[in-house]
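Asker: sequence? don't have it. structure:
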Ligand SMILES: Nc1ncnc2c1ncn2[C@@H]1O[C@H](COP(=O)(O)OP(=O)(O)O)[C@@H](O)[C@H]1O
Ligand SMILES: [Mg+2]
């Protein structure tokens, strides 16, 4: 048994249903899709809870002896080879932990068949898979062999490829088409494609002529409903004989725009403070959090051109903005022309700093927006 967390507002990953707020409907729909042999695509803004929801789903699927779940975050990958390495590592860790007695002959054969070697982390003892070749063709063969191995298991394998938009950055020739062909070749394996880059995810899975066009059921994850989140927050405070007023909770939701990670972060701080939760303490906590993020946020400025930075500040101050190229907005923020604005907006969108949803531009990271609002 894992030890109980000392603070119920978890900041990394997933612990157990007790510390996971709501998402009942989303869970039911995802679970229903997987159990009815449909692959799914999950997308949302960053830090809203995609990865945690996948872990929540996996928590229950694992209890059902008919499923084996595999999770691979491919954000740090830059080629099909490194993706294959991630997936192979997930397979070896999972089967190693199921079998408990070190690596069985089955897994050793598996590693040999995919042409890989194994390394053990000197501290954790966790195995990692490394390929000795660096060749696209060979990576394709290895990934194929991995999926063949998975499709031969008694149980259904469910594999989540998180931050899937990353594959569009590979130099390899059309990795999307290759992965799509594998998905078709192994219909017994369930795939969850998850990603934060809204535009890329939408275009990959709904764009005409795209390899994944209409091949999955698509879910857009929205913020947790404020009533459910309030109930969850109050429940955990009450359990520790602490109280938090609805007024304070509303302020947190407002300030964080209900971006899950930040709600958790503020609640985690408030929970650990031994003071009464006054409105001043809430405001104070906001400021402290911004102070801590200062180093990261101020660095954004160095990564942008001066026009891009000015546009980011303008959008932060007036967010949400529906017509950034209007004369009034340009004049107000002293941007010289429509084309300057359009170019800057395009660059900020590519960098995922801003995003257009339902005709309005918003700042992807709510805390960055709050920091800009109060600093400039
Ligand atoms: N339903 C939830 N209840 C409580 N905490 C959550 C919930 N969903 C996500 N979190 C927490 O919020 C943070 C961000 O979630 P994460 O799943 O990493 O977001 P994403 O994958 O969308 O970027 C994590 O620290 C996670 O523990
Ligand atoms: Mg994630």
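Answerer: Received the coordinates, thanks. Nothing here was measured: the structure is a model prediction, and the numbers come from that model. Numbers count the residues shown, from 1 in each chain. Ligands and ions are numbered 1, 2, ... in the order given.
Asker: hang on, residue 356 in a helix?
Answerer: No - assessed by DSSP: H, G, I helix; E, B strand; the rest coil, residue 356 does not belong to a helix; its assignment is strand.
Asker: for it, what are its contacts?
Answerer: Residue 356 is in contact with 349, 362, counting by C-beta atoms under 8 Å, 6 or more residues apart in numbering. The C-beta positions use only the backbone N, C-alpha and C, and glycine is treated the same way.
Asker: could you rerun that using 10 Å?
Answerer: Counting by C-beta atoms under 10 Å, 6 or more residues apart in numbering, residue 356 touches 198, 199, 320, 321, 322, 324, 345, 349, 362.
Asker: then residue 273?
Answerer: 242, 281, 284, 285.
Asker: and it, how far from ligand 2?
Answerer: Using C-beta to the ion, to the nearest Å, we find residue 273 at a distance of 28 Å from ligand 2.
Asker: can you check residue 219 too?
Answerer: Per C-beta to the ion, residue 219 is found 14 Å from ligand 2.
Asker: any idea what the closest residue to that residue other than its chain neighbours is bridged to?
Answerer: Excluding its sequence neighbours, the residue lying closest to residue 219 (C-beta to C-beta, 6 or more residues apart in numbering) is residue 42, at 4.9 Å. Judged by DSSP bridges, the bridge partners of residue 42 are residue 194, residue 219.
Asker: and of the contacts of residue 356, the nearest to ligand 1?
Answerer: Closest approach to ligand 1 among the contacts of residue 356 (C-beta to the nearest ligand atom): residue 198, at 11.6 Å.
Asker: quick revisit: right, and the pair among the contacts of residue 273 with maximum separation?
Answerer: Greatest spatial distance in those: 242 and 284, 16.7 Å, computed using C-beta to C-beta.
Asker: residue 252: neighbouring residues, count only.
Answerer: 23 (other C-beta atoms under 10 Å).
Asker: show me the contacts for the residue nearest to it when sequence neighbours are not counted.
Answerer: Distance criterion C-beta to C-beta, 6+ apart; nearest residue to residue 252, sequence neighbours excluded, is residue 266 at 5.0 Å. Contacts for residue 266 (C-beta under 10 Å, 6+ apart) come out as 9, 233, 248-249, 251-253, 255-256, 282, 285-286, 288-289.
Asker: before we move on, what about residue 217?
Answerer: Counted by C-beta under 10 Å, 6+ apart, residue 217 has contacts 29, 30, 32, 33, 34, 36, 38, 39, 40, 41, 42, 205.
Asker: gap between the last one and ligand 1?
Answerer: In this structure, residue 205 and ligand 1 are separated by 17 Å, where distance is defined by C-beta to the nearest ligand atom, to the nearest Å.
Asker: which SSE is that residue in?
Answerer: Secondary structure from DSSP states H and E places residue 205 in helix 198-206.
Asker: also the second one?
Answerer: The secondary structure element spanning residue 30 is helix 24-35 (assigned by DSSP H and E).
Asker: how about the closest residue to ligand 1 within the chain, phi and psi?
Answerer: At 2.9 Å from ligand 1, residue 49 is the closest residue in the chain, using C-beta to the nearest ligand atom. Taking degrees, to the nearest 10, you get phi 130, psi 20 for the backbone angles of residue 49.
Asker: OK, contacts around whichever residue of the stretch 251-376 of the chain sits closest to ligand 2?
Answerer: Relative to ligand 2, the nearest point of the stretch 251-376 of the chain is residue 261 (9.6 Å; C-beta to the ion). Contact analysis of residue 261 by C-beta under 10 Å, 6+ apart lists 11, 12, 46, 47, 48, 49, 52, 365, 366, 367.
Asker: how far away is the residue nearest to residue 242 when sequence neighbours are not counted from residue 240?
Answerer: If the residues on either side of it in the chain are set aside, residue 242 comes closest to residue 271, at 6.9 Å by C-beta to C-beta, 6+ apart. Counting by C-beta to C-beta, to the nearest Å, the separation of residue 271 from residue 240 is 7 Å.
Asker: for residue 192, same thing?
Answerer: The spacing between residue 192 and residue 240, counted by C-beta to C-beta, is 35 Å.
Asker: neighbour count for these two, which is higher?
Answerer: The neighbour count for residue 192 versus residue 240, taken as other C-beta under 10 Å, is higher for residue 192 (27 against 10).
Asker: off-centre distance for stretch 131-147?
Answerer: 26 Å (C-alpha atoms, centre = their mean, to the nearest Å).
Asker: show me which residues of the stretch 251-376 of the chain sit near ligand 1.
Answerer: Applying C-beta under 6 Å from any ligand atom, we find that the stretch 251-376 of the chain lies next to ligand 1 at 260, 261, 264.
Asker: dump those residues to JSON lines, plus distance to residue 330 and secondary structure.
Answerer: Formatted as JSON lines, these follow (distance: C-beta to C-beta, whole Å; DSSP: H, G, I helix; E, B strand; the rest coil):
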{"residue": "260", "distance to residue 330": "35", "secondary structure": "helix"}
{"residue": "261", "distance to residue 330": "34", "secondary structure": "helix"}
{"residue": "264", "distance to residue 330": "38", "secondary structure": "helix"}
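Asker: measure residue 181 to ligand 2 for me?
Answerer: Separation of residue 181 from ligand 2 (C-beta to the ion): 26 Å.
Asker: which secondary structure element contains that residue?
Answerer: Using DSSP H and E, residue 181 maps to helix 175-185.
Asker: just the angle between that helix and helix 198-206, please?
Answerer: 40 degrees (axes from the mean of the first three to the mean of the last three C-alpha atoms, to 10 degrees).
Asker: please enumerate the strands of this structure.
Answerer: Per DSSP state E, the chain carries strands over the ranges 40-43, 67-73, 116-120, 127-131, 156-162, 190-195, 217-220, 354-357, 360-363.
Asker: and the third one, what does it pack onto?
Answerer: Yep, that's strand 116-120 we're talking about. Contact here means 3 or more C-beta pairs under 10 Å, 6 or more residues apart in numbering; DSSP states H and E; on that basis strand 116-120 packs against helix 80-99, helix 105-113, strand 127-131, helix 136-151.
Asker: many thanks, have a good one.
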